[in-house]
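> Predicted model follows, preceded by the sequence.
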Amino acid sequence: MNIELIDTLKGHVGKVWNVKWNPLGTLLASCGEDKSIRLWGKQSQQWKLKTLLQDGHQKTVREVSWSPCGKYLASASFDATTAIWDNISGQFECNATIEGHENEVKSVSWSQSGKFIATCSRDKSVWIWESENDEYECAAVLNAHTQDVKKVIWHPYLEMIVSASYDNTIKMFTEDKTDNEWTNISTLKSHESTVWSLAFDKEGKRLISCSDDQTLKIWKEYLPGNTEGVGTDGEYPTWKCVCTLAGYHSGPIYDVAWCHLTSLIATACADNNIRIFKEIEDSDPNQPTFELISTKYHAHEQDVNSVVWHPTEKGLLASGSDDSFVKLWKIKEEYH
């Protein structure tokens, strides 16, 4: 199985920190050190720059997140703000700036319902914002981590937020229906260094994490009353590490993406390489086995910071790097 370069998208000056497809896969957003967001779209079979969004931030743009409807784009910046860009008749305009964090905002994520936005920062906090009629109100400030929070993601269909931190832990939060307070329902410990990124599988029953310790870890959800006999605390599930992938990467793993079409896993690494992993068929769900099926050596000339699978086209992957380029890759494999 090979990883074929489809296109190299040039325009950013300095590091490209993050790439994200919109829900339909018609636009790819990239952001970086040059304080800009670029929206790329297909034109005559070529990917071209469609829109350049600037003047929304004073410093590096670290991450972007599309709303589930695709009408809004949120951007998190080192200037301690999060901007909300609104697609008005095909033109994106910054219609709100969310402030509250004391330091760089490292990650932003839109919930699947579109009701909430989560942000996290070097100030060790996770903030949850409630979105209603283009107004954004702070719903909670969560101070569960003891260090810089690197990543926040939402569960694929539940109102549950997961965060990864420099404190080597992963934390899960949900809203307690009795008092409407957001609470830390689980802390996952197994990594030996900074946890950089996270991704859920399609069903939201498993989570993958990647770390500065050069490992990937697969976490599995065990519901109360599970047949495996894994203990749980009250109504909340227990998440248990069921697989560690070590020895494949020769640097910190900065990002991981779990494809919801093919179940392939892609990683972005400081060794400039992109790797693809696949679960071995019929492996024990409580002790799953994953194999490395392809490595693209020198995928970029510098650190690979971000990877994201296309939402509707199997095997199409985008990546962003310190080398200032966004690249599109096609993973050639027989899908069954």
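Yes, it's here.
> got the residue ranges for the strands in the stretch 151-300 of the chain?
Assigned by DSSP state E, counting those that start in this stretch, the stretch 151-300 of the chain shows strands spanning 160-165, 169-176, 181-189, 195-200, 206-211, 216-222, 238-245, 253-258, 265-269, 274-279, 290-296.
> Columns distance to residue 122 and mean pLDDT on top of the ones you listed, output as a markdown table?
Every C-beta, even on glycine, is put in place using the N, C-alpha and C of the backbone. Formatted as a markdown table, the strands of the stretch 151-300 of the chain follow (distance: least, CB to CB, whole Å; pLDDT from 0 to 100):
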| stretch | distance to residue 122 | mean pLDDT |
| --- | --- | --- |
| strand 160-165 | 10 | 98 |
| strand 169-176 | 16 | 96 |
| strand 181-189 | 19 | 96 |
| strand 195-200 | 14 | 98 |
| strand 206-211 | 18 | 98 |
| strand 216-222 | 24 | 98 |
| strand 238-245 | 25 | 98 |
| strand 253-258 | 16 | 98 |
| strand 265-269 | 21 | 98 |
| strand 274-279 | 27 | 98 |
| strand 290-296 | 31 | 97 |
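> Check those strands for me and report the most buried one.
strand 265-269 (a mean of 27; mean count of other CB atoms under 10 Å).
> Parallel or antiparallel, list what pairs with that one.
Take DSSP bridges as the rule and strand 265-269 pairs in its sheet with strand 253-258 (antiparallel), strand 274-279 (antiparallel).
> can you give me how far the last one is from the chain middle?
From the chain centre to the centre of strand 274-279 is a distance of 17 Å (CA atoms, centre = their mean, to the nearest Å).
> Provide the contact partners of that strand at residue level.
Strand 274-279 is contacted by residues 1, 3, 216, 245, 248-249, 263-269, 288-296, 299, 304, 307, 317, 319, 329, 331 when judged by CB atoms under 8 Å, 6 or more residues apart in numbering.
> again, but for the first one
By CB under 8 Å, 6+ apart, the residues outside strand 253-258 that reach it are 196-202, 208-212, 214-216, 264-270, 303-309, 317.
> Return it as PDB; C-alpha atoms alone will do.
The C-alpha trace of strand 253-258 is given here as PDB (Å, rounded to 0.1, in the frame of the first residue of the first chain):
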ATOM      1  CA  ILE A 253       3.700  12.400  17.600                       C
ATOM      2  CA  TYR A 254       1.900  15.700  17.200                       C
ATOM      3  CA  ASP A 255      -1.400  14.600  15.700                       C
ATOM      4  CA  VAL A 256      -3.500  11.600  15.000                       C
ATOM      5  CA  ALA A 257      -6.600  11.100  12.800                       C
ATOM      6  CA  TRP A 258      -8.900   8.100  12.900                       C
END
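> can you give me the offset of that strand from its chain's centre?
Worked out by CA atoms, centre = their mean, strand 253-258 lies 8 Å from the chain centre.
> swap in stretch 45-55?
21 Å.
> Can you show me the CA trace of that stretch as PDB?
Extracted in PDB, the C-alpha atoms of stretch 45-55 (Å, rounded to 0.1, in the frame of the first residue of the first chain):
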ATOM      1  CA  GLN A  45      -9.300  19.100 -10.700                       C
ATOM      2  CA  GLN A  46      -6.700  21.300  -9.000                       C
ATOM      3  CA  TRP A  47      -6.900  22.500  -5.400                       C
ATOM      4  CA  LYS A  48      -6.700  26.300  -5.400                       C
ATOM      5  CA  LEU A  49      -6.700  29.100  -2.800                       C
ATOM      6  CA  LYS A  50     -10.400  30.300  -2.600                       C
ATOM      7  CA  THR A  51     -10.300  32.600   0.400                       C
ATOM      8  CA  LEU A  52      -7.600  34.300   2.500                       C
ATOM      9  CA  LEU A  53      -8.800  35.200   6.000                       C
ATOM     10  CA  GLN A  54      -6.600  37.700   7.800                       C
ATOM     11  CA  ASP A  55      -6.800  40.500  10.300                       C
END
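> That stretch: which residues count as buried?
By neighbour count on 16 or more other CB atoms under 10 Å, the buried set for stretch 45-55 is 47, 50-51, 53.
> want to throw the residues you listed into JSON lines with secondary structure, pLDDT and distance to residue 151?
Formatted as JSON lines, the buried residues of stretch 45-55 follow (DSSP: H, G, I helix; E, B strand; the rest coil; pLDDT from 0 to 100; distance: CB to CB, whole Å):
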{"residue": "47", "secondary structure": "strand", "pLDDT": "94", "distance to residue 151": "26"}
{"residue": "50", "secondary structure": "strand", "pLDDT": "95", "distance to residue 151": "27"}
{"residue": "51", "secondary structure": "strand", "pLDDT": "95", "distance to residue 151": "26"}
{"residue": "53", "secondary structure": "strand", "pLDDT": "96", "distance to residue 151": "22"}
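> same question for stretch 141-159, mean pLDDT?
Regarding stretch 141-159, the rounded mean pLDDT is 97.
> same thing with stretch 325-336?
81.
> ok, back up a step: minimum distance to residue 60: which of the strands of the stretch 151-300 of the chain has it?
Residue 60 lies closest, by CB to CB, to one member of the strands of the stretch 151-300 of the chain: strand 253-258, at 15.1 Å.
> what is the orientation angle of the closest one with strand 195-200?
Strand 253-258 and strand 195-200 meet at an angle of 0 degrees, taking axes from the mean of the first three to the mean of the last three CA atoms, to 10 degrees as the criterion.
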